[in-house]
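A.B. asks: For reference, the sequence and a predicted model appear below.
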Amino acid sequence: MATVTLSGLTKVYPNGFEAVTDLSLTLADGEFLVLVGPSGCGKSTALRMIAGLEKITGGDLFVGERRLNDVAPKDRDIAMVFQNYALYPQMTVAENIGFPLKLRKVRKAERSEQVRSAARVLELTDYLERKPAQLSGGQRQRVAMGRAIVRRPELFLMDEPLSNLDAKLRVQMRADIASIQREFGVTTFYVTHDQVEAMTMGDRVAVIKDGVLQQVDSPEDLYAHPANAFVAAFIGSPSMNLYEATLSRSLESGRGGSDGTEADGDCVLTLGDQRLAVPASVVAAQSALAGYLDQPVVVGIRPEHLEDAAVATEHPDDQRLDAVVGVREALGAETLVHFNLDAQGVESGDPDALDEMRDTGRCTARFAAETRVRVGERIRVNVDVRNLHFFDRQSHLAIGT
C-alpha cells in the first residue's frame, strides 16, 4: 500500500488534442478515490497514464516515493480491473485468480492457499472449478477482482468495472467492491461516468470535465457545496435545476415585521414571471451574494428541495411557485414531477445532458409518495430557499462566502 500523487499530469496526443490538462490529485494510503465525469472527459486516459498504458506528456506520477513516469507497466506494482473482466476462458476460476502468482513462480501450495483465501472473501469458494462461461456477470467481476487482490499490489485501478452489469447487480456489486476494498485496505483509483457509483463508493470524489479537474471532495461536500454549475448539475439524481434569475433587496426590507422585528436584508428572487422571498439569513450565509444584488445570476434548485404544497402545508406562502404538472413518475417511495417554469434554463456544460433541458425552463421536483398531483393539474410547489445555490452568470463559479 502507498500514497499516490498525480502532479500536473497532462496528456497531449500527436494530433494536438489535449485529453488531460494539469491533473493534480493525492490519494492517501488505503483511500478509495473515484474519478467521475461524462463520456470523453479524459478520466480513462488519466487511469491509463497511471497504469502505464498511455505515455505521460507532462507532469509527474508518484506511488510512494517512486516516480513512475518511465517505469514499464509490469514493474509498477499496480493491478487493474477492466469493465470486460479480461478472464481466460479456458481456465477455471481458481486458475484465473492464481495466474499472476503463477507468473511470479509462487509455489503451488502457497498459490492455492492465497487463491482460497481470496475466494472466501469474494464468496467464490463454491465456484473455483468452474469456467468463466459458467458464471454470472457479477461472479466474473469478482474473479477479476480476485486476480488483482492476490497480487497484493500497492494500487488498484478500476476502469468502469460495473458498466456491463444489469442495474440490480450493479447496486449489489457497488457495496461488495467498497466492502472488499476496505477489508484489504489497498489504495484504489476508480473511474466511472456514473455519479451514483461515485457518490456511494468513494471516500472522496474527483469530478473532471474536458480533461480539467473541477472539484475533489467528500461525496457530502460535493453535493452540498458544488464549486460550479457543472458539478452542481452532474452530482445528484435527478440533476439540479438551473435558471437565470435576479436577486434584489425586498421592498419590505427595513420595515418592521408583524412581530416587531426588523426585516432588514430580506431579498426577492425573480425567477421568470414568479418571485420567491429569500430571508436575510440565507443571504448572510453566502456573504458574497451582496455583491450580486440586482444583477443576473444563475440559481440552482435541487429536486429534493421542492415539495407539493398540498402535502407540506406549513410553508411560507411567499416561498412557493405556481406550476402545471407536465409529467408524473410514481416510483413508490417518491414521485418525480416535471413542469415548466417561465424562466430561462441554463446549460451546465454536461455534454450528456438532454437538449430540451438546456433551452427550456423545465423543472424536476422530487415529491413525497403521498402526493396526489395529476398531469395537467395546476399546483403550488414549496421551495426550500435555505438550500438555494447561486452561481456567477458568466463563469458559472459558485457564489460563496
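C.D. replies: Received the coordinates, thanks.
A.B. asks: Do a quick rundown of the helices in the stretch 1-150 of the chain.
C.D. replies: 43-51, 93-103, 108-122, 137-149 (DSSP state H, counting those that start in this stretch).
A.B. asks: Need the ones you listed in CSV (columns: distance to Phe32 and mean pLDDT).
C.D. replies: C-beta coordinates here come from the backbone N, C-alpha and C atoms, glycine included. Output for the helices of the stretch 1-150 of the chain, formatted as CSV (distance: least, C-beta to C-beta, whole Å; pLDDT from 0 to 100):
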stretch, distance to Phe32, mean pLDDT
helix 43-51, 14, 96
helix 93-103, 22, 93
helix 108-122, 16, 91
helix 137-149, 13, 88
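A.B. asks: so Gly30 makes contact with Val186?
C.D. replies: Yes - the criterion here is C-beta atoms under 8 Å, and Gly30 meets it with Val186 at 7.0 Å.
A.B. asks: where's the closest residue to Phe184 other than its chain neighbours relative to Ile97, distance?
C.D. replies: Residue nearest to Phe184 in three dimensions, not counting chain neighbours: Ile149, with 6.2 Å by C-beta to C-beta, 6 or more residues apart in numbering. For Ile149, the distance to Ile97 equals 8 Å [C-beta to C-beta, to the nearest Å].
A.B. asks: tell me, what's touching the two both at once?
C.D. replies: Ala118 (C-beta atoms under 8 Å, 6 or more residues apart in numbering).
A.B. asks: and those two? which has more neighbours close in?
C.D. replies: Ile97 (29 against 26; other C-beta atoms under 10 Å).
A.B. asks: ok, the more buried one - contacts?
C.D. replies: Applying C-beta under 8 Å, 6+ apart, the residues near Ile97 are Val115, Ala118, Ala119, Leu124, Val143, Gly146, Arg147, Val150.
A.B. asks: so where is the stretch 151-300 of the chain shaky, pLDDT-wise?
C.D. replies: 251-264 (pLDDT under 70).
A.B. asks: Centre-most residue in this protein?
C.D. replies: Residue closest to the average C-alpha location in the chain (C-alpha atoms, centre = their mean): Gln195, at 3.2 Å.
A.B. asks: Would you mind confirming that it is in contact with Val231?
C.D. replies: No - counting by C-beta under 8 Å, Val231 is not a contact partner of Gln195; they are 9.9 Å apart.
A.B. asks: what's next to the lengthiest helix in the chain, contact-wise?
C.D. replies: For the chain, the helix reaching the highest residue count under DSSP state H is reported as helix 167-184. With C-beta under 8 Å, 6+ apart as the test, helix 167-184 has contacts from 32, 121-122, 136-138, 141-142, 145, 149, 156, 158, 161-162, 165, 188, 197, 200-201.
A.B. asks: Among those residues, name the buried ones.
C.D. replies: Among these, those that count as buried by neighbour count (16 or more other C-beta atoms under 10 Å) are 32, 121-122, 138, 141-142, 145, 149, 156, 158, 161-162, 165, 188, 197, 201.
A.B. asks: May I ask which two of these are separated the most?
C.D. replies: Within these, Val121 and Glu197 form the most distant pair, 21.0 Å apart (C-beta to C-beta).
A.B. asks: Which parts of the stretch 151-300 of the chain are helices?
C.D. replies: Using DSSP H, counting those that start in this stretch, helices in the stretch 151-300 of the chain cover 167-184, 195-201, 219-224, 229-234, 280-285.
A.B. asks: Now do the buried residues in the first one.
C.D. replies: Applying a neighbour-count criterion of 16+ other C-beta under 10 Å, the buried positions in helix 167-184 are Leu169, Arg170, Met173, Arg174, Asp176, Ile177, Ala178, Ile180, Gln181, Phe184.
A.B. asks: Which one of those is nearest to Glu377?
C.D. replies: Using C-beta to C-beta, Arg170 is the member of these that lies nearest Glu377, at 35.2 Å.
A.B. asks: for Tyr85, what are its contacts?
C.D. replies: Here Tyr85 is in contact with Pro132, Arg140, Gln141, Val143, Ala144, Asn164 (C-beta under 8 Å, 6+ apart).
A.B. asks: Go through those residues and name the one nearest Ile78.
C.D. replies: Ala144 (14.7 Å).
A.B. asks: For Val4, give me its contacts.
C.D. replies: Leu25, Thr26, Leu27, Ile50, Leu61, Phe62, Val63, Leu155, Thr187, Phe189.
A.B. asks: Kindly recompute the last result at 7 Å.
C.D. replies: Leu27, Val63, Leu155, Thr187, Phe189 (C-beta atoms under 7 Å, 6 or more residues apart in numbering).
A.B. asks: From Ala309, how far off is the closest residue to it other than its chain neighbours?
C.D. replies: The shortest distance from Val4 to any non-neighbouring residue, by C-beta to C-beta, 6+ apart, is to Leu27 (4.1 Å). As judged by C-beta to C-beta, Leu27 and Ala309 stand 46 Å apart.
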